[in-house]
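>>> Sequence and predicted structure are below.
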Amino acid sequence: MYKKLTKKEKIINLLSKGKNVTWKHLRTRFDLKSPTKMVDTIKSEGHVVYTNKTSEGVDYRMGKPSAAIIAAGIASVLGTDYAYKS
């Protein structure tokens with residue numbers, strides 16, 4: 001028997017492929033009332049999801065955090081004494 005994936009797990013798998021996923025695509029394919037809320041939940045779990053606003057709507061993409069994001073996180077948790085400085 002296999003475990004059925006949740007909507008959130010399916011969206012994480014889709015985003016992790018590295019391609020842009022539109023708000024409309026998430027809304028229709030996964031029958032979400034609020035794709036933005038689901039993306040915010042995924043972000044709060046520690047995934048780096050970038051939001052790009054275009055003339056056609058909103059696109060989401062999963063990526064790697066920049067050095068600035070990592071430095072801000074370290075400074076927030078451990079304080080500025082341990083912050084990464086480039």
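Nice, thanks for sending it over.
>>> Residue ranges in the protein under the pLDDT threshold?
Counting by pLDDT under 70, the chain has low-confidence residues at 80-86.
>>> Ala68: what secondary structure?
At Ala68 the chain is in helix, as set by DSSP: H, G, I helix; E, B strand; the rest coil.
>>> And it, how close does it get to Thr51?
17 Å (Cβ to Cβ, to the nearest Å). C-betas here are computed from N, CA, C, even on glycine.
>>> neighbour-wise, which of those two wins?
Between Ala68 and Thr51, counted using other Cβ atoms under 10 Å, Thr51 has the larger neighbour count: 13 against 10.
>>> Can you give me the buried ones in the one helix or strand that one maps to?
Taking DSSP states H and E as the criterion, Thr51 maps to strand 49-54. For strand 49-54, burial by neighbour count (16 or more other Cβ atoms under 10 Å) applies to Val49.
>>> Downstream of it, the next helix or strand is which one?
strand 57-62.
>>> by contact count, what packs against that next one?
helix 7-15, strand 21-22, helix 23-29, helix 35-44, strand 49-54 (3 or more Cβ pairs under 8 Å, 6 or more residues apart in numbering; DSSP states H and E).
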